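Participant: Sequence and predicted structure, then a few things I'm wondering about:
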Amino acid sequence: MSIDNRTSETMPRDELAQLQIEKLQTTLNRVYRNVAFYKHALDASKIVIENIRSLRDMQRLPFTTREDLRTSYPYDMFALPLRDIVRIHASSGSTGRPIVVGYSRNDVAHWSSLVARQLAWAGITEHDVVQIGFSYSLFTGGLGFHFGAEHLGASVIPASTHGNLRDQVTIMKDFKTSALICAPSTALALARTMTSMGTRPGELHLKRGVFGSEPWSESVRAELESTFGITAYDSYGMSEVMGPGVSGECEKRNGLHVSEDHFIVEVINPTTLEPLPAGEEGELVFTTITKEAFPLIRYRTGDRARLIPGDCGCGRTFVRMSRVGGRTDDMISLQGEKFFPGQVFETVLSVAGLAPLCRITLDKRDDVDVMEVGVAISSDSDYIDEMKALQKLRSTIRERIENVLGVDATVTFVEEARLQNEARGRKQPVVVDKRKT
Amino acid sequence: MLRIRSLESGYGNLRVLRSVSLHVRPGEIVGIIGANGAGKTTLLKTIAGVLSSWSGDIDFKGEPICGMAAHRVVSRGCVLVPEGRHLFSAMTVLENLTLGAYTRFRKRQGAAVSADLDRVLHLFPVLKQRGSQLAGTLSGGEQQMLAIGRALMAAPSFIMLDEPSMGLAPIVVKGIFSAVGSLRDAGCTVLVVEQNSRAVLAVADRGYVMETGSIVLEGTSKELLDNTEVQRAYLGKDYRRINE
């Protein structure tokens, strides 16, 4: 009798607890030996890993933050030498300091099977034609879903984000796509393009959609379901923890089941860092217990959600988490990319001749997220009166932002005094988010 | 079947096991691999009740057996085939086998015991041929089979094997591991400790890797065989498999 996923998903909670403590202990033994960061962190908090005897004891373990991962750029958090790594992804951007994550052969195999498991929850089978509208890049969305869908045996179309939306809709129609996997904002844009092209949902073969990688709401779900005539499922994951496949909705669509045979999930109060009981909203914290190349101990995701108490009607014993309802920090999610205001500020400052001030305005134009970056020329700069030089400066800033953050921004010049006025008593850069209103 | 949590034990002042947790489900064959001195034998001895544990829990069939005397553990169906066989070499093969049923003698199980004897002799025909021979005169492989056969005489549901391949020729090792596979067919759950990692992972469903008293890796046999650290440390540096 071998172990398979069918038995894992419905495993009694006490068996699951045994599995988790075993895997947690082996993970701790490995990170303590192989990752200098964890050895120092555990030694500094005077924790002897052998004394972590139960899942309750893990509340004594130190947290890992996004900043820790940035400082370890590129490979310092890897628990395996590069010769054992078969894949490398990064959280965002190609320059600057993204978070670099690695996968061993077993990690990639687990990842595929976890994504496949989740797609199966959404009713996708080997009979489906799956179109993936995530970019195939350093970002984990594209390849993560791709290999999961392939593992499931579906026919996978790596449509990615290339070409225009009309091409994507044409593929959807002509290739008889039955399941769409992409960011909810992409799906909305596709839905509207389809309507403007005069294509009716009846002409498509679409039955299901799995959407994730950015926060979305029940009203977006309703719009996608009615426009496409599909059932839409939520999916959650992040590159640092693994990529897509960390948690997902089952047929009940009442919370996302966390694959607890691979991850231990906690919700903490982001201020006191105390664990919160099920039902209370706080910051999601994940510990990976099967990852070989890039294990994480109590990683603070910055995502706000709660754990849903009680059993799910589907019979799976994995705990459910609510939809992610926002961030505990100021991270900006725009055009499918994630970054911090500080990164925008840093980028602006790297351009000579600008005052150390910046205002970020986020807005929606025709349902598409846009960002405007307001900057000021330093009074002692030579640019001040030359129109041509100013235009060049504007495009330089825009290009840098695009290179570093992967988003298209509008750059405007504002009087220095005005920015100074706005900045008074506030943290730089000033962020104005008009999208929510 | 077996569930161990954060087990610690050792000899005198020397702590060998450091917070070891593992489990074996009914019908599974689970392997524990690791270098000399990793604590594999200590672990089995602690489960069997030969060594007492310092802390942690051992549940067998849902009941705690931590701190229980060794013969009581055997009565519950958990037996150990010790490293180096430990046969009574001046006694015959049949006498050795009969002694394996020692804990059952006073329970009027005579008929069941003789049925088990037939079963063991059927499983290991060579023991039947050598029935009246002194155990000490058997070859290494035959002695190992006798040791396993003796353990089976206690009518166990769970059998632990400590280094069954030790000191045996490769061809004999093959025979021993096919015998391990047939133990499962005979209704036994098996926990086997081995230095011959390749042989044990070929027959086991899952495995644990022990290093200096702790478990550093666990997973299905396939996952362990695919792990490059396991390949380098336990399967030989030339071991390399490329999926075709």
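Facilitator: On my side now, so go ahead.

Participant: Surely A:Ile230 is in contact with A:Leu180?
Facilitator: Yes. A contact is recorded between A:Ile230 and A:Leu180 when judged using Cβ atoms under 8 Å, the distance being 7.4 Å. Where you see a C-beta, it was placed from the backbone N, CA and C, and this is true even at glycine.

Participant: more crowded one of these two?
Facilitator: In terms of neighbours (other Cβ atoms under 10 Å in any protein chain shown), A:Leu180 is the more surrounded of A:Ile230 and A:Leu180; the figures are 29 against 20.

Participant: For that one, which residues count as its bridge partners?
Facilitator: The residues listed as beta-bridge partners of A:Leu180 by DSSP bridges are A:Gln131, A:Gly209.

Participant: residues touching it, list them.
Facilitator: With contacts defined as Cβ atoms under 8 Å, 6 or more residues apart in numbering or on different chains, A:Leu180 is in contact with A:Val130, A:Gln131, A:Gly133, A:Met172, A:Ala187, A:Leu190, A:Leu206, A:Arg208, A:Gly209, A:Val210, A:Phe228, A:Ile230.

Participant: Excluding sequence neighbours, find me the nearest residue to B:Asp59.
Facilitator: Sequence neighbours aside, B:Arg3 is the residue nearest to B:Asp59 in space, at 4.4 Å (criterion: Cβ to Cβ, 6 or more residues apart in numbering or on different chains).

Participant: Would you agree the one you found falls within a strand?
Facilitator: Yes. Assessed with DSSP: H, G, I helix; E, B strand; the rest coil, B:Arg3 lies in a strand.

Participant: returning to that earlier point: and for A:Ile230 and A:Leu180, which residues touch both?
Facilitator: Overlap between the contact sets of A:Ile230 and A:Leu180, as judged by Cβ under 8 Å, 6+ apart, is given by A:Leu206, A:Arg208, A:Gly209.

Participant: between the residues you listed, which has the most around it?
Facilitator: A:Gly209 (26 neighbours).

Participant: since we're on the closest residue to chain B within the stretch 251-400 of chain A, how many residues are nearby?
Facilitator: Closest contact between the stretch 251-400 of chain A and chain B, by Cβ to the nearest Cβ, is at A:Glu292 (6.8 Å). The tally of other residues near A:Glu292 (other Cβ under 10 Å) stands at 28.

Participant: mind checking the SS state of A:Tyr236?
Facilitator: Going by three-state DSSP: A:Tyr236 is strand.

Participant: which helices and strands does the longest helix that chain B contains pack with?
Facilitator: Identified as the longest helix of chain B according to DSSP state H is helix B:170-185. Counting contacts by 3 or more Cβ pairs under 8 Å, 6 or more residues apart in numbering or on different chains; DSSP states H and E, helix B:170-185 is packed against strand B:29-34, helix B:140-152, strand B:189-194, helix B:197-203.

Participant: Please point out which parts of that helix sit buried.
Facilitator: Within helix B:170-185, the residues scored as buried using 16 or more other Cβ atoms under 10 Å in any protein chain shown are B:Val172, B:Val173, B:Gly175, B:Ile176, B:Phe177, B:Ala179, B:Val180, B:Leu183, B:Arg184.

Participant: now do stretch B:38-55
Facilitator: By neighbour count on 16+ other Cβ under 10 Å, the buried set for stretch B:38-55 is B:38-49, B:51, B:53.

Participant: Show me the shaky parts of chain B.
Facilitator: In the predicted model of chain B, residues B:107, B:237-244 satisfy pLDDT under 70.

Participant: A:Ala189 and A:Ala159: what is the separation?
Facilitator: A:Ala189 sits 13 Å away from A:Ala159 when distances are taken as Cβ to Cβ, to the nearest Å.

Participant: And A:Gly310, by the same measure?
Facilitator: According to Cβ to Cβ, A:Gly310 stands 38 Å off from A:Ala159.

Participant: And A:Leu69, by the same measure?
Facilitator: Taking Cβ to Cβ as the measure, A:Leu69 falls 30 Å from A:Ala159.

Participant: cool, A:Asn34 as well?
Facilitator: Taking Cβ to Cβ as the measure, A:Asn34 falls 38 Å from A:Ala159.

Participant: do the same with B:Gly34
Facilitator: Between B:Gly34 and A:Ala159 the computed distance is 48 Å (Cβ to Cβ).

Participant: give me the residue from chain A nearest chain B.
Facilitator: A:Arg53 (3.7 Å).

Participant: What's the first helix or strand after the helix ranked longest in chain A?
Facilitator: Counting residues, the longest helix in chain A under DSSP H turns out to be helix A:13-34. Moving toward the C-terminus from helix A:13-34, the first helix or strand encountered (DSSP states H and E) is helix A:36-44.
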